[in-house]
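Engineer: got a predicted structure here, sequence first:
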Amino acid sequence: MSTADHPAPRSLAEALRARDDHSLAALLRSRPDLITPVPTDLTQLATRAGTRASVVRALERLDRFTLQTAEALAVAADPASYDELLGLMGGDDGDPAVAAALPGAVAGLREQALVWGGDDRLRLVRTARELLAPSPQHPSPTGLGPTVQEVTAGMSPGRIQEIVGTAGLASTHDAVSAAAALTALFTDRAQMDALLGRAPADSLDVLDRLVWGPPYGQVTADPAARLRWLLDRGLLLPTAPGTVVLPREVALHLRAGRAHRAPEPVPPVVEPAGTHTPAVVDSTAAGQAYTALATVEELLKDWDEGGPAVLRAGGLSVRDLKRTAVALDASEPMAAFWVELAYTAGLLASDGEADERYAATPAYDEWLEQPPAERWARLAEAWLLATRTAGVVGGRDAKERPLSALGPGLDRSAAPEVRHRVLTLLAGLPQDTAPHADVVLARLRWERPLRARGGTVSRPGESGGAVARPGETGGEDDDLRSRLVRWTLSEAETLGVTGRGALSAHGRALLGAPGPRAADTDGPAGPGGRLPFPHHPASRLEPLSAAEQTVAAAAAARLLTPLLPEPLDHVLLQADLTAVAPGPLRRPLADTLGVLADVESKGGATVYRFTPGSVRRALDAGRTASDLHAFLATHSRTPVPQPLAYLIDDVARRHGHLRVGAASAYVRCDDDALLNEIIADKRAAALRLRRLAPTVLAAEADPATLLEGLRAMGYAPAAESAEGDVLIARAHAHRTPPRTAPEPVPEGPPVPDPTLLAAAIRAIRAGDLASTAPRKVSAGDTAPPAGGELPRTGSAETLATMQAAVLTGEAVWIGYVNAEGAASQRVIAPVRVEGGFVTAYDHTADEVRTYPLHRITGVAELADEQQ
Amino acid sequence: MPRHPERQPRVNGPLIVQSDKTLLLEVDHEQADDCRRAIAPFAELERAPEHIHTYRLTPLGLWNARAAGHDAEQVVDALVHYSRYPVPHALLVDIAETMDRYGRLTLSKHPAHGLVLTTTDRPVLEEVLRSKRIAPLVGNRIDPDTVVVHPSERGQIKQTLLKLGWPAEDLAGYVDGEAHPIELAEDGWALRPYQKQAVENFWHGGSGVVVLPCGAGKTLVGAGAMAQASSTTLILVTNTVSARQWKHELVKRTSLTEDEIGEYSGTRKEIRPVTIATYQVLTTRRKGVYPHLELFDSRDWGLIVYDEVHLLPAPVFKFTADLQARRRLGLTATLVREDGRESDVFSLIGPKRFDAPWKEIEAQGYIAPADCVEVRVNLTDSERLAYATAEAEEKYRFCATTATKRKVTEAIVRRFAGQQILVIGQYIDQLDELGEHLNAPVIKGETSNAQREKLFDAFREGEISVLVVSKVANFSIDLPEATVAVQVSGTFGSRQEEAQRLGRVLRPKADGHQAHFYSVVARDTIDQDFAAHRQRFLAEQGYSYRIVDADELLSEG
């Protein structure tokens, strides 16, 4: 990292300035919060990178070994050399695995701007050091205590001199040098061995108890002899009355230099638990995918004529969820999953009316028109990216309010990342192997140890950064992240992304992962088939951008298409009044049959049963008996059984025997000749009169209009009471107004794409240039503008400089006051000067802009060498 | 998950596994027979209409399979192998879990402690022992995995464990009972292959139920089992007529003589090496006790046969619980019980050991093909008005006994003049009236047994060709030459009654011609709804009803 041609950086900002664009892009990619908003220059970037919130976020994203490295740096001297760090990580004896992994970890920390400086002077950024260094209130995971220097800072000089004397060192004249002498003793392995060699055995036992932490112990006012021996020699130092601590140097000596009891340089291997043939995996997943489509359709069809009501607090009531579960023949958590899936895919929403209910969105109708594989891809994509988490439904939030399906408070920002990680892990396994959930869990814990523990890096009273809620962090296996992992595995199976626990080919495509064969050859062919593991491997699958995700989803749909069963256009009719569709049916057929018969059994096939009720329903829907006979004859592979034909005729015979209609008004008259007259009258046409019986006319016009109309025709009608007036509302599919699907609520800003990154870096560099560039002193100026002050030149000179810059194509530095009166400094490359405006490429904003000349306070050329 | 080579799913198998645990088998598929054989041990045939048969996976069925020595892997393998579409993973997991529950607990004989319940999975034993219903049935804990069971509670504990979802495997064995030589007298006839198979399956399994269609010779399966056991046998039947027929058949088909067979009924109380008792006499209660219960202990029975096990009355279940050390054979045409006590049959009598679809046996020529017709009659206008205003409990009686039915019945009888015709109904008034118009004798509850047998004999001999019977003749009367049955009313929507009645005409005919079954139903009334319900079982067995209008039939006839 540190290069010979650059002097050693003195600050993080300088270190950043020395980095090339590529490496800056890497930083911004891994910590996207740093460019929202885009900082004006590198100094600001460095400051932002050192803020507490940002550092906490960055630390939480570290894997276990990198975090351990950072923790070791936090207990090492500041700055520390790479060798010191290696000693802390690998111990005095060294550990080849640690030695192999450490450069990667340090590079990772450097890339994320948590560590800067060359290998001889590695510095952990101050905030990170504060967060990770041990303190009495907040013990470090290393289990190390404070240094001798820190503990002795508050001790009386006399006491220190005593200790120094007992430890066999020459007495010094001040406390600081005494502490230094003690530190020197403790860090000298040979001398320490000699010192401890003289220690009584029971004193060594005390040290043994404290060595791996916690380093604090309680002592009485009159300590026992074994403690006394240690206290006298400074091997234990008092911190508060009754409390002693094992100084860091002593602990490190006892640990043979290691900061961690068990450094974990290698991630846990994801062992496959079962192997299936690719065909089994893919076909199982496809079967599941098909079921998912059917279930979502069934759900929304069920809600077609007005779904369940929206609770006042938002969401679906427990009763409605239960009802949905029964309708879907699923458990309640599963029902919650389906409902949430449809919601995140934008297929259902609340209709927003006064009596608020859930209903399918117009997008649902479009979705229905798509081919099955694309419908699946849409669901799977929505699931993959959603922050809404169905798994928490039924639980309670921090305020003990129940969390309801479709309700608020279901967003868990870690969800998409966990889903992606779990699936990526599966993608890294040899083809068609399924790991055990616990193994996946262990691996994910290694990758994000702090997240797994619910963000313990933060001090008490602070949010862990994630939307983790107190109720959700529990035992080892019960934290949100572990639950997310389990949910992901089961949901992926339900949705058909995986089959029998192994990632399917279409699931792989959804992730944008290379084909399975490529993955096989890329990865180390070890028995565990673990991921290739550089610490921050560029090859690791990153979440895709929106555009890439769409492409991946389309690819997944293409792979899935041949696996889905081909829709059929026929059924088998049987004499027991059932029809069996031995596979999925083409939509119009399925729709008609769904009206004509009741569904009895679902799955790969569908069993329909004809009942008088169902046949009546079809007749109600406007079908005639002959229609139905023809329909069955066309779509049945077998002759229509006589009982079924009879059933249809029998129901049709009675259907419509009674007629019900809507009329707004009627005309009643004992004289049917008069009614004949009215009906024959042309002027009555507008009243839309219809004869129901010799003495009764029904009208579609309302009574008032009818009265008026009849009067206009010269009759003298009298109004009757409105009783018996029937109005029937026609049932129609209920739809919400157009709705957009809920946006995922990511925890941080999204990872910027390369274009944005490049632009941001250019903007920062430009800003940096603007704030730090030494400027040429123009001839007319007596006082060159100091940093931060707007350049001031006369308007004539401004115009001249601009025109010159257009000719030379050079960038100039201007002061500019915008329409709101806010002043800023910008670096621009003028392209054209005309009509009182300068058109220029603005380096700061990274775009071509036009500036009115009168708003430019002044202009200065940039120093040559800066260009 | 153990690594085992998976069989590749068929691209186009005959089986479709539904998520609701039904299996659809396409019968016309070339592999349908193989598939049927593969799934029959664990799946219950639910419906067998012409194209697609429906099987259902139930815990009972899966445990039946376990009891018969099949394991989960075989079941999963069969499903995956024949399935047309991928089998839902959850279903496979569920099958493995369900089957795994059977046999965790076993009942066996301990040399020192007698009957004991042992487990291979200690937590399961802990769980069931904690149940309040189990506690009174067990004694001391011998070791952590074994607990003594009171021998008298053997049935009770099996019943309770099944309800708790941990069915116990009963390995405690059977007492041999008092030996008594019985042999089949196969002179000029032999057990049909499926009957042999049924006897074999039963004997191999120890105890259990054999399901065969009416007319397929269940009595002979009973006789075969008795010959196999060669011990004293108690046969429980539904009524006296049926008892006589069993006796008659046993004398004819086995080495047993009249004197060796006793009848234990309301009228006679004989206890012989083979005793035939009626459910009715056993369940007679006087002063709160069942006085005839001692019958079970009166001899050391080696085999107990339950005829028409689907009708087994509740008290008999209770007695049966105490007879778990004896071999039990249940015979029935259908395991469908209107009261849903199939699980008691499973735990107390035993798992299903054999069944065959009706149509298959028909195809083999052992039962006559039947033409089922539902005749719809219209109520007259005045009847319709009366029906509409009738009290709810009177409605069925009213529409079932409409006068139009008489005309239709007469027309049918006329059409089949010369053939043996049974007219079956529920309501005595209606039957008397029919008897009068058809000039045929009526058999009802008040008809004496002697009179009944006389009429039956006359009918058998062809002296009378039309017989009107009430529901007393529903069961076990053997009328070999009845070729036409007309049902004018029934016990509401009873499916098994319909099956029994159809069974009356299914005995193979000497000349091999078709049997006719007419059900006369009043249109647009609850009679029609009940008829639809009653027909469901048969329709599911593959009997399709034609529906004709009464006017059509009357104009033809």
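Structural biologist: Everything's here; your move.
Engineer: in the stretch 101-250 of chain A, which spans are strands?
Structural biologist: All strands of the stretch 101-250 of chain A, identified by DSSP state E, counting those that start in this stretch, fall at A:115-116, A:123-124, A:216-218, A:237-240, A:243-245.
Engineer: ugh, typo on my part, it should be the stretch 451-557 of chain B
Structural biologist: Using DSSP E, counting those that start in this stretch, strands in the stretch 451-557 of chain B cover B:466-469, B:482-487, B:515-522, B:545-549.
Engineer: can you say which of the strands of the stretch 101-250 of chain A is packed in most?
Structural biologist: strand A:115-116 (a mean of 26; mean count of other CB atoms under 10 Å in any protein chain shown). Just so you know, the C-beta spots here come from the backbone N, C-alpha and C atoms, and that holds for glycine as well.
Engineer: of the strands of the stretch 101-250 of chain A, which is nearest chain B?
Structural biologist: Ranking these by proximity to chain B (CB to the nearest CB) places strand A:216-218 first, at 42.5 Å.
Engineer: coming back round to it: possible to save the strands of the stretch 101-250 of chain A as a markdown table with mean pLDDT and distance to A:Leu573?
Structural biologist: Shown next, in a markdown table, are the strands of the stretch 101-250 of chain A (pLDDT from 0 to 100; distance: least, CB to CB, whole Å):
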| stretch | mean pLDDT | distance to A:Leu573 |
| --- | --- | --- |
| strand A:115-116 | 88 | 75 |
| strand A:123-124 | 88 | 76 |
| strand A:216-218 | 83 | 82 |
| strand A:237-240 | 81 | 87 |
| strand A:243-245 | 85 | 85 |
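Engineer: quick one on the thing from earlier: closest one to A:Glu374 among the strands of the stretch 451-557 of chain B?
Structural biologist: For the strands of the stretch 451-557 of chain B, proximity to A:Glu374 was assessed by CB to CB; strand B:545-549 is nearest, at 45.5 Å.
Engineer: how about stretch B:249-257: buried residues?
Structural biologist: B:Glu249, B:Leu250, B:Val251, B:Arg253, B:Thr254, B:Leu256 (16 or more other CB atoms under 10 Å in any protein chain shown).
Engineer: nearest to B:Ala515, of these?
Structural biologist: For the buried residues of stretch B:249-257, the nearest to B:Ala515 is B:Glu249 (21.0 Å; CB to CB).
Engineer: which SS state does the closest one fall under?
Structural biologist: Taking DSSP: H, G, I helix; E, B strand; the rest coil as the rule, one finds B:Glu249 in the helix state.
Engineer: dump stretch B:441-461 to CSV, restricted to CA.
Structural biologist: Output of stretch B:441-461 as CSV, limited to C-alpha atoms (Å, rounded to 0.1, in the frame of the first residue of the first chain):
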residue,chain,number,x,y,z
PRO,B,441,-95.1,-61.0,0.4
VAL,B,442,-93.5,-58.4,2.7
ILE,B,443,-90.7,-59.1,5.1
LYS,B,444,-90.4,-56.6,8.0
GLY,B,445,-89.4,-56.5,11.6
GLU,B,446,-92.5,-58.2,12.9
THR,B,447,-92.2,-61.1,10.5
SER,B,448,-91.1,-64.2,12.5
ASN,B,449,-87.8,-65.8,11.8
ALA,B,450,-89.5,-69.0,10.7
GLN,B,451,-91.7,-67.1,8.3
ARG,B,452,-88.7,-65.2,7.0
GLU,B,453,-86.8,-68.3,6.2
LYS,B,454,-89.8,-69.8,4.6
LEU,B,455,-90.2,-66.8,2.3
PHE,B,456,-86.5,-66.7,1.6
ASP,B,457,-86.5,-70.4,0.6
ALA,B,458,-89.5,-69.9,-1.6
PHE,B,459,-87.8,-67.0,-3.2
ARG,B,460,-84.6,-69.0,-3.7
GLU,B,461,-86.6,-71.8,-5.2
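Engineer: mind putting the strands of the stretch 451-557 of chain B into a markdown table with mean neighbour count, mean pLDDT and distance to A:Trp229?
Structural biologist: A markdown table is the format used below for the strands of the stretch 451-557 of chain B (neighbours: other CB atoms under 10 Å in any protein chain shown; pLDDT from 0 to 100; distance: least, CB to CB, whole Å):
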| stretch | mean neighbour count | mean pLDDT | distance to A:Trp229 |
| --- | --- | --- | --- |
| strand B:466-469 | 25 | 90 | 109 |
| strand B:482-487 | 25 | 88 | 106 |
| strand B:515-522 | 25 | 90 | 105 |
| strand B:545-549 | 18 | 87 | 102 |
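Engineer: want to throw those strands into JSON lines with distance to chain A?
Structural biologist: Shown next, in JSON lines, are the strands of the stretch 451-557 of chain B (distance: least, CB to the nearest CB, whole Å):
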{"stretch": "strand B:466-469", "distance to chain A": "27"}
{"stretch": "strand B:482-487", "distance to chain A": "17"}
{"stretch": "strand B:515-522", "distance to chain A": "12"}
{"stretch": "strand B:545-549", "distance to chain A": "4"}
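Engineer: turn these into TSV, including distance to B:Glu127.
Structural biologist: Converted to TSV, the strands of the stretch 451-557 of chain B look like this (distance: least, CB to CB, whole Å):
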stretch	distance to B:Glu127
strand B:466-469	52
strand B:482-487	50
strand B:515-522	50
strand B:545-549	49
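Engineer: to B:Ser448, which of those lies closest?
Structural biologist: Taking CB to CB, strand B:466-469 is the member of the strands of the stretch 451-557 of chain B nearest to B:Ser448, at 14.6 Å.
Engineer: mind checking the SS state of the residue nearest to B:Val305 when sequence neighbours are not counted?
Structural biologist: Nearest residue to B:Val305 in three dimensions, chain neighbours excluded: B:Ile235, at 4.4 Å (CB to CB, 6 or more residues apart in numbering or on different chains). Three-state assignment for B:Ile235 (three-state DSSP): strand.
Engineer: pretty sure B:Ile235 is touching B:Gly222, no?
Structural biologist: Yes. Using CB atoms under 8 Å, B:Ile235 makes contact with B:Gly222 at a distance of 6.9 Å.
Engineer: give me the common contacts of the two.
Structural biologist: Counting by CB atoms under 8 Å, 6 or more residues apart in numbering or on different chains, the contacts common to B:Ile235 and B:Gly222 are B:Trp246, B:Val305, B:Asp307.
Engineer: which of those residues count as buried?
Structural biologist: Counted by 16+ other CB under 10 Å, those give B:Trp246, B:Val305, B:Asp307 as buried.
Engineer: can you put these in TSV and add secondary structure, pLDDT and distance to B:Thr483?
Structural biologist: Shown next, in TSV, are these (DSSP: H, G, I helix; E, B strand; the rest coil; pLDDT from 0 to 100; distance: CB to CB, whole Å):
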residue	secondary structure	pLDDT	distance to B:Thr483
B:Trp246	helix	89	24
B:Val305	strand	93	29
B:Asp307	coil	89	25
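Engineer: where does the residue positioned nearest the centre of chain A fall, secondary structure wise?
Structural biologist: Taking CA atoms, centre = their mean as the criterion, A:Pro416 is the residue nearest the geometric centre of chain A, at 3.5 Å. Here A:Pro416, judged by DSSP states H and E, is contained in helix A:415-428.
Engineer: got the CA positions of that helix in PDB?
Structural biologist: Only the C-alpha atoms of helix A:415-428 are listed here, as PDB (Å, rounded to 0.1, in the frame of the first residue of the first chain):
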ATOM      1  CA  ALA A 415     -32.900  -9.600   5.500                       C
ATOM      2  CA  PRO A 416     -31.900  -9.100   1.900                       C
ATOM      3  CA  GLU A 417     -28.200  -9.300   2.700                       C
ATOM      4  CA  VAL A 418     -28.700 -12.500   4.700                       C
ATOM      5  CA  ARG A 419     -30.800 -14.000   1.900                       C
ATOM      6  CA  HIS A 420     -28.200 -13.200  -0.600                       C
ATOM      7  CA  ARG A 421     -25.400 -14.500   1.500                       C
ATOM      8  CA  VAL A 422     -27.100 -17.800   2.300                       C
ATOM      9  CA  LEU A 423     -27.900 -18.400  -1.300                       C
ATOM     10  CA  THR A 424     -24.400 -17.400  -2.400                       C
ATOM     11  CA  LEU A 425     -23.000 -19.900   0.100                       C
ATOM     12  CA  LEU A 426     -25.300 -22.500  -1.500                       C
ATOM     13  CA  ALA A 427     -24.100 -21.400  -4.900                       C
ATOM     14  CA  GLY A 428     -20.500 -22.000  -3.800                       C
END
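Engineer: kind regards, and thank you for your time.
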